[in-house]
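Visitor: Predicted structure and sequence below. I'll ask about it afterward.
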Amino acid sequence: MSVELQHPMNPHKTADEAARGRFVSGMRSLILNDLAADLKVAYDRRAVPAWQRSHGAPPQSSAEAHKALRGDPAFNIYSAMRVQAQKMVWASVAESVEREADRLGAAARAAGGRVALNPTLDVPKNVGAIEVHLMPGSYTRGGDSLEAGAVYDRGLAVFSMGLMGTNLDDIGLSMSCYIRLKYPDFAPQSILDTGTTIGHNTLPWKLTYPDAEVIAIDAAPGVLVYGAARAAMQGQDVQFVQMCADKLDYPDASFDLVWSSMFLHELSKKQRAAALAEAYRVLKPGGLMLHMELPPNAEMSAFDGFYLDWDSWYNEEPYYKGFRDEKPPELCAAAGFAPTDYFQFVVPSIGIYGEQAIADLIASEAAEAVGQATTGRLAEGVMWFGFGAWKK
């Protein structure tokens, strides 16, 4: 069910608004569990045999699995309900954010927070002109007010059904824990988060490495204003800066760690390549580039690939599938990293399984097992896929 955020920037909700959020989370749980299981049955029993009769072989790719399922009643019901539930996520929180706007603004001003906006920045179309995740107004909703950040924060809490932690920080907490345990001698003093939105997965890096200077960037202004106040209210000293990841305004060799979470798939192919090259440029020798992302199609079955790619077709994520069709080792190599310095892994949710589960996985070297059994939407448990490379 939807989580109650544990920080003061969380808008106060009426009983009806809280019930609406729980209802939408419950509907999403039904769709992503029961209806998804029905969809897999329909794929195996109807779509695959029909495709094989027509093409002489089962679907070989995400795109073929998609074509095989289109028109099937299970696909139609699943997709229609999931699109409507996604729209309901944002609708369920908009009223409380609008009503609480003045209080949130006053609280943000009182909290302070370090934020630097760039009014001359040309916000890319993929940030402001596309309603990503079907979120009305997308990341630039409300301009440089708190609106976009508050809607995103509260909406993601409803969307994630509690699986992303009490402050939506489970990805950052899990990934930073993995790096700390896997590489105990790595002690970054300067950390850059690219595509931070509201900083929910930035703050865990400050918690993990409290002596580090942490900077979080994004192209959208309002989410940064909200994120800076959100961080300050949690006692975290993080600098939020309006900047594009593919055009970093930092000198060469400025950071020990460049990080992102669920960001690369929202960039065009050209932007993505430039962002990775920029990460390489600003890393110090011995530094680490790390990304939490969706696993690549090359390591998924046709159905699991389609299941993850569904968002590209129906959830206003136009670059989603293009990214997943690429191969992370090749992306890192093209950015300048040596192929031998690339690594990838799957880490269990620290909020669900605890730190010991991560330590046990590292000791067993099982974290290197990546595929639909560990990271597909129908896999057991909650696991996060990460990849990165060291700069020598």
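Guide: Yep, it's here.
Visitor: Give me the residue ranges of the stretch 101-250 of the chain where confidence is low.
Guide: For the stretch 101-250 of the chain, no stretch is flagged by pLDDT under 70.
Visitor: At which residues are the helices of the stretch 51-200 of the chain located?
Guide: Using DSSP state H, counting those that start in this stretch, the helices of the stretch 51-200 of the chain run over residues 62-69, 73-99, 101-111, 125-128, 147-160, 170-182.
Visitor: Tell me which of these is the most buried.
Guide: Highest mean neighbour count among these (mean count of other C-beta atoms under 10 Å): helix 147-160, with a mean of 25. To be clear about C-beta, it is placed using only N, CA and C from the backbone, and glycine gets the same treatment.
Visitor: on contacts alone, who are the packing partners of it?
Guide: Counting contacts by 3 or more C-beta pairs under 8 Å, 6 or more residues apart in numbering; DSSP states H and E, helix 147-160 is packed against helix 15-30, helix 73-99, helix 101-111, helix 221-233.
Visitor: got the angle between that helix and helix 101-111?
Guide: Angle, helix 147-160 to helix 101-111, by axes from the mean of the first three to the mean of the last three C-alpha atoms, to 10 degrees: 100 degrees.
Visitor: who's in contact with stretch 14-28?
Guide: 1-2, 13, 81-82, 85, 88-89, 92-93, 95-96, 154, 157-159, 161-162 (C-beta atoms under 8 Å, 6 or more residues apart in numbering).
Visitor: Restrict it to CA atoms and write it as PDB.
Guide: Only the C-alpha atoms of stretch 14-28 are listed here, as PDB (Å, rounded to 0.1, in the frame of the first residue of the first chain):
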ATOM      1  CA  THR A  14      -7.600  14.600   4.400                       C
ATOM      2  CA  ALA A  15      -9.000  11.200   5.300                       C
ATOM      3  CA  ASP A  16     -10.500  11.000   1.800                       C
ATOM      4  CA  GLU A  17      -7.200  11.800   0.100                       C
ATOM      5  CA  ALA A  18      -5.300   9.200   2.200                       C
ATOM      6  CA  ALA A  19      -8.000   6.600   1.300                       C
ATOM      7  CA  ARG A  20      -7.800   7.600  -2.400                       C
ATOM      8  CA  GLY A  21      -4.000   7.000  -2.300                       C
ATOM      9  CA  ARG A  22      -4.400   3.600  -0.700                       C
ATOM     10  CA  PHE A  23      -7.000   2.600  -3.200                       C
ATOM     11  CA  VAL A  24      -4.800   3.600  -6.200                       C
ATOM     12  CA  SER A  25      -1.800   1.700  -4.600                       C
ATOM     13  CA  GLY A  26      -4.100  -1.300  -4.100                       C
ATOM     14  CA  MET A  27      -5.300  -1.200  -7.700                       C
ATOM     15  CA  ARG A  28      -1.700  -1.000  -8.900                       C
END
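Visitor: Give the buried residues for it.
Guide: 17, 20-21, 23-25, 27-28 (16 or more other C-beta atoms under 10 Å).
Visitor: Identify the residues contacting residue 127.
Guide: Residue 127 touches 138-140, 219-220, counting by C-beta under 8 Å, 6+ apart.
Visitor: Next, find the distance separating it from residue 31.
Guide: In this view, residue 127 and residue 31 are 27 Å apart by C-beta to C-beta, to the nearest Å.
Visitor: What of residue 45?
Guide: For residue 45 relative to residue 31 (C-beta to C-beta), the value is 20 Å.
Visitor: try residue 59
Guide: Taking C-beta to C-beta, one finds residue 59 at 22 Å from residue 31.
Visitor: Which residue is the nearest non-sequential neighbour of residue 218?
Guide: Among residues not flanking residue 218 along the chain, residue 196 sits closest, at 5.1 Å (C-beta to C-beta, 6 or more residues apart in numbering).
Visitor: I'd assumed residue 240 was in contact with the one you found.
Guide: Yes - Residue 196 is in contact with residue 240 according to C-beta atoms under 8 Å; the separation is 7.1 Å.
Visitor: Mutual contacts of those two, please.
Guide: Contacts common to residue 196 and residue 240, judged by C-beta under 8 Å, 6+ apart, are 216-218, 224, 227.
Visitor: center of the protein, which residue is that?
Guide: residue 262 (2.7 Å; C-alpha atoms, centre = their mean).
Visitor: which residues touch that one?
Guide: Here residue 262 is in contact with 171, 292-294 (criterion: C-beta under 8 Å, 6+ apart).
Visitor: Pick the one among those closest to residue 352.
Guide: Nearest to residue 352, judged by C-beta to C-beta, of these is residue 171 at 12.2 Å.
Visitor: thinking again about what came up before, which pair in the buried residues of stretch 14-28 spans the largest distance?
Guide: Farthest pair in these, by C-beta to C-beta: 17 and 28, 16.8 Å.
Visitor: following the strand ranked longest in the chain, which helix or strand comes up?
Guide: For the chain, the strand that runs over the most residues, judged by DSSP state E, is strand 283-293. Remark: after strand 283-293, the chain's next helix or strand is helix 302-314, criterion DSSP states H and E.
Visitor: quick one on the thing from earlier: neighbouring contacts of the longest strand of the chain?
Guide: 171, 175, 179, 183, 186, 188, 190, 201, 253-265, 276, 279-280, 323, 328, 332, 335, 337, 384-392.
Visitor: could the helices of the stretch 51-200 of the chain go into CSV alongside distance to residue 9?
Guide: Listed next are the helices of the stretch 51-200 of the chain as CSV, based on distance: least, C-beta to C-beta, whole Å:
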stretch, distance to residue 9
helix 62-69, 38
helix 73-99, 11
helix 101-111, 6
helix 125-128, 21
helix 147-160, 7
helix 170-182, 17
